[in-house]
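> The following block contains a protein sequence and its predicted model.
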Amino acid sequence: MTLDQQILAHARAVAPAESCGLVIEAPEGLRYYPAQNIGGPDQFEIDPKDWITAELAGEIVAVVHSHPDGPAALSAGDRLGQRNTGLPYWLAVGDEVRRFKPVPPLLGRQFDHGTTDCLSLILDAYHLSGLDLGEYERDDDWWNTEQDLYLQHLPEAGFEQVGPAAPPQLGDIILVCLGGTKACHGAVYLGDGYILHHPINRLSLRNLYGGTWLRQTHSIWRHKQWQQCDFTAICADLAANSGWM
């Protein structure tokens, strides 16, 4: 069986409890190591003895668990665990294994253009929600050049413009003009009048969608598969970050 087939078979065997295990890099290649779940109902905690045994067999490269009844995204507890380990989390849900990179918390990020900026925040939020939008190189100070980062790449990534005439919906990307007419800043709409974004030289934060952000809105974009995304993953990440309210 393939690695994914082994993970899914283990998940089915222990359902309705959550399965858990580790992926290790051994001399013969990647291996799945099933572990004992010592957590309570609807959660997982890998038995420390299994973790030690797996470490002795090879390098641990991913933590695996299942959500027998969904959701198809990491919970707040999962995100906390992922931050503690710094490892990818693989999630067995339904008939697939979803892979989640250990992206930084969405709130409170330091601004670093090209690494943790407004575009990075959007890409990571969508990754946690189940959609990988790709990676995009951008020049420093691109907004003062001929490069039009958002308008060039959003259609390529599967987005279509729906506003500003129409009000935003959960998960929409809101583009904003700052100091000009170019859409140089992006935010994710969280619902209930709030956006998640990362202004230049500030920490990423949650803001009311009003004032400057509303007045200087350039356009609103929605992914063609947005209904298939699990945007509760964004809320879970925010909940895992103390003081997000």
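Now that the structure is in, tell me what you want to look at. Residues are numbered from 1 along each chain as shown.

> separation between the residue nearest the centre of the chain and Val103?
The C-alpha lying nearest the average C-alpha coordinate of the chain belongs to Leu128 (CA atoms, centre = their mean; 2.0 Å). Look at Leu128 and Val103: by CB to CB, to the nearest Å, they are 7 Å apart. For the C-beta atoms, the positions are set from N, CA and C on the backbone; glycine is no exception.

> Now do the same contact list for Leu80.
By CB atoms under 8 Å, 6 or more residues apart in numbering, the contact set of Leu80 is Ala240.

> Tell me the secondary structure at it.
Three-state assignment for Leu80 (DSSP: H, G, I helix; E, B strand; the rest coil): helix.

> Likewise for the one 10 residues further on?
Judged by three-state DSSP, the three-state class of Trp90 is strand.

> What does the pLDDT read for the residue lying closest to it once chain neighbours are set aside?
Spatial nearest neighbour of Trp90, excluding adjacent residues (CB to CB, 6 or more residues apart in numbering): Val64 at 4.5 Å. On pLDDT, Val64 comes in at 98.

> same deal with the one 3 residues further on?
Taken from the predicted model, the pLDDT recorded for His67 is 96.

> same thing with Pro71?
At Pro71, pLDDT is 87.

> Can you show me the strands along this structure?
With strands called from DSSP state E, the chain shows them at 20-26, 29-35, 59-66, 89-93, 96-100, 159-163, 173-177, 183-191, 194-197, 205-208, 217-223.

> nearest to Met1, of these?
Met1 lies closest, by CB to CB, to one member of the strands of the chain: strand 29-35, at 9.2 Å.

> Any regions of the protein where pLDDT drops low?
Low-confidence segments of the chain, defined by pLDDT under 70, span residues 228, 242-245.

> domain ranges for it?
3-100, 118-240 (automatic domain parsing).

> any chance of those domains in a markdown table, with distance to Arg109 too?
Shown next, in a markdown table, are those (distance: least, CB to CB, whole Å):
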| stretch | distance to Arg109 |
| --- | --- |
| domain 3-100 | 13 |
| domain 118-240 | 4 |
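
> Identify whichever of those lies nearest to Gly108.
domain 118-240 (5.2 Å).

> Check the separation of the first and last residues in the closest one.
Start-to-end span of domain 118-240 (CA to CA, to the nearest Å) is 20 Å.

> from here on, count from 134
Understood, numbering begins at 134; the last thing we discussed is domain 251-373.

> Please name the nearest non-neighbouring residue to the residue nearest to the centre of the chain.
Ala366 is the one closest to Leu261 (CB to CB, 6+ apart), at 4.2 Å.

> Surely that neighbour and Ala209 touch.
No - applying CB atoms under 8 Å, one finds Ala366 not in contact with Ala209, separated by 9.6 Å.

> who's more crowded, these two?
More crowded of Ala366 and Ala209, by other CB atoms under 10 Å: Ala366, with 25 against 16.

> mind listing what that one touches?
Going by CB under 8 Å, 6+ apart, Ala366 touches Pro204, Ala206, Leu207, Leu261, Ser262, Gly263.

> How many neighbouring residues does Ile140 have?
Look at Ile140: counted by other CB under 10 Å, it has 25 neighbours.

> ditto for Gln169
Neighbourhood size, Gln169 [other CB under 10 Å]: 14.

> Tell me which residues touch the closest residue in space to it that isn't next to it in sequence, please.
Closest residue to Gln169 apart from its sequence neighbours, by CB to CB, 6+ apart: Asp180 at 4.0 Å. Contact analysis of Asp180 by CB under 8 Å, 6+ apart lists Ala168, Gln169, Asn170, Ile171.
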